[in-house]
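**Student:** sequence? don't have it. structure:
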């Protein structure tokens, strides 16, 4: 009972400190991927708790193969209760982070008890509590709290940690109750983890590591369940490997066509990046953190950069160390393996961006398991070792809390966030572009002689120079001059056209054309029709533009021609090319009906609208269909 009261008090204190530290950042707004995953998604706008509305929320996601329906439903519930209030969304993220921290504490307690049964219970609680507090306060954990869309990461981690706790408890208890807990872990919690984010697929590997390292060390051998589990995982991993390296996995490797690096270059680079992550965990330096890390150089060979080979050798050394410690210090070995498993999905062969801090949300636990084991040894040692351990743990906690608080202040206001990001990452094209974009939205940006205009232009120019393939910053320069009523520099238009036509067409590049047509329709783009037509033509001529993307571009060009130029014939021609590439696109078919309607071909438009009535549309599109059908 006394221990429970102490734990409850510790939870209250840590929670209060965490809320106080994160409070400035909770005042910030949505940014980056929050738009396409939350703000602009019709299914997230949950107006009622009807079965149909909840279903629309569940299927509204576009991220990952699964669509991440559990995370999407949580966003929809946030909207249902508070609208698009960023404070409510971020407070929910913080609550999930706190819940994960409690599970980390429980897991630490159980693992320390199993790995060091001779240690005192009080010391185990102290070591577990210190590591859980550090897990909550570590600066690298900030983005899953303040970047709303990264709730996908924290929710997946919550269900995975809960599943692992139940699996361990079930295995240790045995009998029917233990079997029931294992069934709950695998049949309910694991799917919830995967359907929040695909990193939940790593759960069997974490369980495998626990079975073959910690439980084996405790029992002295692998029991029948563990042996069967090892064989099953081996077969499954072999099947996955066979699939990945056959022609059927071409969809996976095709993603590299959109990246500025190859598969080999990514694997070489990730060796350095994992050590970069470890550096952020062990010695958090505020200037090294950031939303974007596109300023990290790609490893083109084992010696370029020269740190590539040492980094890979160092990772090999970590594996060797885990092997050597598996009997003498199984918890430390498990922590090393946990970190590597945690990065085995997002930091290996998948054609994702090279680096993002939120990928360390679960892997950080592996580092803390090693630290917790070391702290417990100090607490169980001499008085001097105990004092040194407590002082070091306290210093690390205070320093981590300070750095996290500084970061949350940065994320509490958009201009402050973007300018500090650009200051800390001057070679990042995305950070510099976002800094210019934030300044260009300020009132003084319309004054060519103002400091705001000059700084915004400097950021855009720096972004353009930092990445020879980057295009959005050139559009930013054009928009900035349009707002300031200045003549757009012809060199900037020509360079944007060249990059759209000749350089790698990255996944985000179609946003340049979408933004261009939106600006033109809103009246904030001062380009003439010839320039806009040329920019669309350049993008369509890029050999890296897939037919699916070409369909979008033709559709957006049609929007511009119809809504800005009022050229219905040209709009129909562009939309026709879009439908030829993707005849099943419902939104484009509705646009076609609208164009038929305004062109006087009302009977044909009406037949098409009646066909579309039974299809799935957003509420706004459904209203458009009803209004057109009601028109006499």
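**Tutor:** Perfect, thanks for sending it. Because the structure is predicted, anything quoted here is derived from the model rather than measured.

**Student:** The longest helix anywhere in the chain - contacts with which helices or strands?
**Tutor:** Longest helix of the chain, by residue count under DSSP state H: helix 86-115. Applying 3 or more C-beta pairs under 8 Å, 6 or more residues apart in numbering; DSSP states H and E, one finds that helix 86-115 makes contact with helix 2-26, helix 69-82, helix 121-137, helix 143-146, helix 151-173, helix 216-219, helix 330-342, helix 363-380. All C-beta spots, glycine's among them, are computed from the backbone N, C-alpha and C.

**Student:** if we go to 6 Å?
**Tutor:** When contacts are defined as 3 or more C-beta pairs under 6 Å, 6 or more residues apart in numbering; DSSP states H and E, helix 86-115 packs onto helix 2-26, helix 69-82, helix 121-137, helix 143-146, helix 151-173.

**Student:** so which of those gets nearest residue 569?
**Tutor:** Taking C-beta to C-beta, helix 69-82 is the member of the helices and strands packed on helix 86-115 nearest to residue 569, at 40.3 Å.

**Student:** I'd like the mean pLDDT over that closest one, please.
**Tutor:** Helix 69-82 shows an average pLDDT of 96 in the prediction.

**Student:** got the buried residues for it?
**Tutor:** Judged by neighbour count (16 or more other C-beta atoms under 10 Å), helix 69-82 contains these buried residues: 69, 70, 71, 72, 73, 74, 75, 76, 77, 78, 79, 80.

**Student:** I'd like those as a markdown table, with distance to residue 553 appended.
**Tutor:** Below are the buried residues of helix 69-82 laid out as a markdown table (distance: C-beta to C-beta, whole Å):
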| residue | distance to residue 553 |
| --- | --- |
| 69 | 29 |
| 70 | 33 |
| 71 | 30 |
| 72 | 27 |
| 73 | 32 |
| 74 | 33 |
| 75 | 29 |
| 76 | 30 |
| 77 | 35 |
| 78 | 33 |
| 79 | 31 |
| 80 | 35 |
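
**Student:** if we take these, which one ends up nearest to residue 263?
**Tutor:** residue 71 (28.2 Å).

**Student:** Quick check, the closest one in contact with residue 198.
**Tutor:** No: with contact defined as C-beta atoms under 6 Å, residue 71 does not count as touching residue 198 (11.0 Å).

**Student:** out of the helices and strands packed on helix 86-115, nearest to residue 469?
**Tutor:** helix 143-146 (25.0 Å).

**Student:** hmm, who's touching the closest one?
**Tutor:** By C-beta atoms under 6 Å, 6 or more residues apart in numbering, the list of residues contacting helix 143-146 from outside reads 25, 90, 93, 94, 97, 150, 153, 154, 357, 358, 361, 411.

**Student:** Any figure for the gap between the third one and residue 449?
**Tutor:** In other words, residue 93. 42 Å (C-beta to C-beta, to the nearest Å).

**Student:** Equivalent analysis for residue 127, please.
**Tutor:** Distance check for residue 127 against residue 449: by C-beta to C-beta, it reads 60 Å.

**Student:** now do residue 544
**Tutor:** In this view, residue 544 and residue 449 are 40 Å apart by C-beta to C-beta.

**Student:** out of these two, which sits in the busier spot?
**Tutor:** Set side by side, residue 544 and residue 449 show more neighbours around residue 544, with 14 against 8, by other C-beta atoms under 10 Å.

**Student:** Look at that one and report its pLDDT.
**Tutor:** Listed pLDDT for residue 544 reads 87.

**Student:** so what's it up against?
**Tutor:** Residue 544 neighbours (C-beta under 6 Å, 6+ apart): 504, 505.

**Student:** does residue 330 really touch residue 215, like I thought?
**Tutor:** No: using C-beta under 6 Å, residue 330 is not in contact with residue 215; the gap is 9.2 Å.

**Student:** For this protein, which segments count as strands?
**Tutor:** Applying DSSP state E to the chain gives no strands.

**Student:** any weak-confidence spans in it?
**Tutor:** Counting by pLDDT under 70, the chain has low-confidence residues at 1-3, 247, 632.

**Student:** Leaving out sequence neighbours, find the closest residue to residue 372.
**Tutor:** residue 131 (4.1 Å; C-beta to C-beta, 6 or more residues apart in numbering).

**Student:** any idea how far residue 370 is from that neighbour?
**Tutor:** In terms of C-beta to C-beta, residue 131 sits 10 Å off from residue 370.

**Student:** So between the two, which is more surrounded?
**Tutor:** residue 131 (28 against 21).

**Student:** ok, the more buried one touching residue 367?
**Tutor:** No: between residue 131 and residue 367 there is no contact under C-beta under 6 Å: 9.5 Å.

**Student:** tell me the contacts of the residue nearest to the spatial centre of the chain?
**Tutor:** The centre of the chain sits closest to residue 150, judged by C-alpha atoms, centre = their mean, with a distance of 5.2 Å. Contacts for residue 150 (C-beta under 6 Å, 6+ apart) come out as 143, 144, 358.

**Student:** Measure how buried the nearest residue to it once chain neighbours are set aside is and give me the count.
**Tutor:** Of all residues not flanking residue 150 in the chain, residue 144 sits nearest, at 4.3 Å (C-beta to C-beta, 6+ apart). For residue 144, the count of nearby residues is 26 (other C-beta under 10 Å).

**Student:** Look up how far residue 96 lies from residue 144.
**Tutor:** Distance of residue 144 to residue 96, given as C-beta to C-beta: 8 Å.

**Student:** Could you name every residue contacting both of those two?
**Tutor:** Shared contacts of residue 144 and residue 96, defined by C-beta under 6 Å, 6+ apart, are found at residue 154.

**Student:** how many other residues sit next to the closest residue to residue 205 other than its chain neighbours?
**Tutor:** Closest residue to residue 205 apart from its sequence neighbours, by C-beta to C-beta, 6+ apart: residue 341 at 4.8 Å. Neighbour count of residue 341, defined by other C-beta under 10 Å: 20.
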